[in-house]
Structures are given as C-alpha cells and as structure tokens.
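S.K.: let me see the structure of the following:
(one chain, ligands or ions: 1)
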Amino acid sequence: MSGTPEAANDPAEAVAEADPSAELAGLVGELRRHVEWMADAGIRTVKRSTEPAPVRPPAPAPAPAAPARAAPPVLVSPPPAARTAPPPAAAAAPPRAEADPAAELERIRTELGPCTRCRLCEHRRHVVFGQGFARTQLVFVGEGPGEEEDNTGLAFVGRAGQLLTKMISAMGFDRDKDVYICNIVKCRPPGNRRPEPDEIAACRPFVERQLKAIAPRAIVLLGATAAQALLRVDAPIGRLRNRWTSWEGIPAMPTFHPSYLLRAPQEKAKAWDDLKLVMERLGKALPQRSQ
Ligand code: SF4
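M.R.: This is a model prediction of the structure:
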C-alpha cells in the first residue's frame, strides 16, 4: 500500500492536546494567510459581523471531562440566514452513506488499495486519496496530484495548495479541521498533463463514493477538469463558474483552479466572488470590499 495519509484526527482532541504557543503561532499564520488572500482578491475592509457566533454540532460520543480551555474553532455555520441564496432545484443533500463518514472513507481507501485500475499507476509514487474533516459541510475537489502531492501522498500541498489554503482561510475555515480536499484522479499524470477520459472514468467512482460518504452541504469544483468530470458536461470553466449547480443533490460551485490563479492572479477576484456564494450558502459572514 502506498503511503497515503491517515484520516484526520478528531479536531477537538487535536486542539485539546495542542501546545498553546504552537496553537497561537498557528492562529497568527492563519490570520496572515487570510489577509494575503483578501488583499489579492481586492478586499480592503472587513465588516464586523453582527451574526450570532456559529456553534459546533454535538459530538457523536460524550467526551471525558476536560480542563478549562477556549472553545475550538468554528466548524459549522448557524442556520441559513435570510440572505442565503435559494437552493438549486435539487438541493436536498442525500443522506450520508454511512453514519460514520470517517469509517466509510477508510473503507473506500482500503478498497482502493495500491490501485492499478488505470495507467496513471505506472509512474506515481503515492496514491493521493484526499484528507480533511470527514464530517465537514464543505468539500473541495481538484483535478489530480502534482509533484509535491505525489511525493507526500497529500492533496494540495504545493504552491497551488498553499493558495487554496489562503482561499479556505479567507472563507473562515481551517483547511485541516473544517473541510475535506480531494481530486478527481488520485495518481499524478506524467508531466502534470490533464488526466485522460478513461483515467477519469476509472478513478471517478472513488471520489463519488467519498462525496456520498461525507454528504457535505456544498462542493467546490476547482477547475474545468473537476467540474466537467463530476458534472459530466463539456462547458468551459468560464461558463460554469459563479452559478450553483448540483451533483447528486449536493449544491456544487465550479470555480477556477488555484494553479490557474497562480498564472492569472487578475482572476482571483472572480474566484473570490464564487467563494462568497459558497459562504452565503453556508451562512458565513462576508467581508466587504471598500469603495
Ligand atoms: S488514478 Fe485512480 S484509478 Fe488510476 S491507478 Fe490511480 S487510484 Fe487507480
């Protein structure tokens, strides 16, 4: 079996065990990434939210008594606000395929194994399954692993991944604790070429099973390959983005891939517009652009 990443630990437990100074340094880093992305997207001021603070849903099992400590970061937004966009035609998300999505994800990963279902197995180092919070309300789906992802077995850890981290942070989420990230194909295409249709067809059932296991409230499709593969359409990303569609009843928002945004930073503001629609749907407070 390749060195694929382990499933995310319980975030509450992770926070409880964290070194306070490391935790503070992490928060500072998160704030810096947040500000960098917002500046790139042309956002100069932030409106102070008057919405009540979101609350984390109850944990599935009672936790043992813990020492007094600040509450962990927000994971789940409040009930949809009045300004939340109306759902698309088939907005009712399907029930989770499994009561324990983390366990179901692990079953899928085990079944995938050291996969040889398509030719992308021939040059890969690691199968990049995906990682994040299994009970998340938001999943990001990209195209496929690049060199650093192939080396580490982790999705979105190269330069594009760093930009995605900023985008997620600007939305008010922590990429490790709040969202789940995966790709349409799980092995690196040679030379970072686009995956071929037969490779996508071989791998797509696994990302579809991941999405059904997680059953998020929204999916962000990063780039044309992910959007076209999952939605089974041919339209360019410029026509697909900035409007809600649906995959198996789950609202889906296509937007630009972070790799494209690295090459075309002038498009970051458009990507931010797409992400704001996702934030609205999830009830997150929106920063405001200065006039
Ligand atoms: S890309 Fe997917 S189907 Fe192809 S070998 Fe890798 S895991 Fe298997």
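
S.K.: need the residues of the stretch 151-291 of the chain near the ligand, please.
M.R.: With Cβ under 6 Å from any ligand atom as the criterion, the stretch 151-291 of the chain comes near the ligand at residues V185, K186, C187, E199, A202, C203. (Glycine included, C-beta is placed from N, CA and C.)

S.K.: would you mind measuring from the second one to E267?
M.R.: To tie it back to what came earlier, the one meant is K186. For K186, the distance to E267 equals 27 Å [Cβ to Cβ, to the nearest Å].

S.K.: now the residues of the stretch 151-291 of the chain next to the ligand: which count as buried?
M.R.: Neighbour counting with 16 or more other Cβ atoms under 10 Å marks V185, K186, C187, E199, A202, C203 as buried within these.

S.K.: dihedrals phi and psi, the fifth one?
M.R.: Recorded main-chain torsions at A202 are phi -70, psi -30, according to degrees, to the nearest 10.

S.K.: and the pLDDT at it?
M.R.: On pLDDT, A202 comes in at 98.

S.K.: repeat that for the second one.
M.R.: The predicted local distance difference test score for K186 is 98.

S.K.: residue boundaries of the helices in the stretch 51-200 of the chain?
M.R.: 101-112, 147-152, 159-170, 197-214 (DSSP state H, counting those that start in this stretch).

S.K.: buried deepest among those, which one?
M.R.: helix 159-170 (a mean of 22; mean count of other Cβ atoms under 10 Å).

S.K.: pull the CA atoms of it into PDB?
M.R.: This file holds the C-alpha atoms of helix 159-170, laid out as PDB (Å, rounded to 0.1, in the frame of the first residue of the first chain):
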ATOM      1  CA  ARG A 159       2.100  26.200  -4.500                       C
ATOM      2  CA  ALA A 160      -1.500  25.800  -5.700                       C
ATOM      3  CA  GLY A 161      -2.300  24.100  -2.400                       C
ATOM      4  CA  GLN A 162      -0.800  27.000  -0.400                       C
ATOM      5  CA  LEU A 163      -3.100  29.300  -2.400                       C
ATOM      6  CA  LEU A 164      -6.000  27.100  -1.700                       C
ATOM      7  CA  THR A 165      -5.200  27.200   2.000                       C
ATOM      8  CA  LYS A 166      -5.400  31.000   1.800                       C
ATOM      9  CA  MET A 167      -8.700  30.800   0.000                       C
ATOM     10  CA  ILE A 168     -10.200  28.500   2.600                       C
ATOM     11  CA  SER A 169      -8.800  30.600   5.400                       C
ATOM     12  CA  ALA A 170     -10.400  33.700   3.900                       C
END
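
S.K.: mean confidence score for that helix?
M.R.: So the average pLDDT for helix 159-170 ends up being 97.

S.K.: kindly report the same for stretch 131-138.
M.R.: pLDDT averaged over stretch 131-138 gives 98.

S.K.: export that stretch as PDB, just CAs?
M.R.: Taking Å, rounded to 0.1, in the frame of the first residue of the first chain, the C-alpha atoms of stretch 131-138 are listed here in PDB:
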ATOM      1  CA  GLN A 131      -7.700  14.400   3.500                       C
ATOM      2  CA  GLY A 132      -9.600  16.600   5.900                       C
ATOM      3  CA  PHE A 133     -12.600  16.600   8.200                       C
ATOM      4  CA  ALA A 134     -14.900  13.700   7.400                       C
ATOM      5  CA  ARG A 135     -18.000  15.300   8.900                       C
ATOM      6  CA  THR A 136     -17.400  18.600   7.000                       C
ATOM      7  CA  GLN A 137     -20.000  20.700   5.400                       C
ATOM      8  CA  LEU A 138     -17.700  21.700   2.500                       C
END
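
S.K.: assumed A235 was part of a helix.
M.R.: No: using DSSP: H, G, I helix; E, B strand; the rest coil, the assignment for A235 is coil, not a helix.
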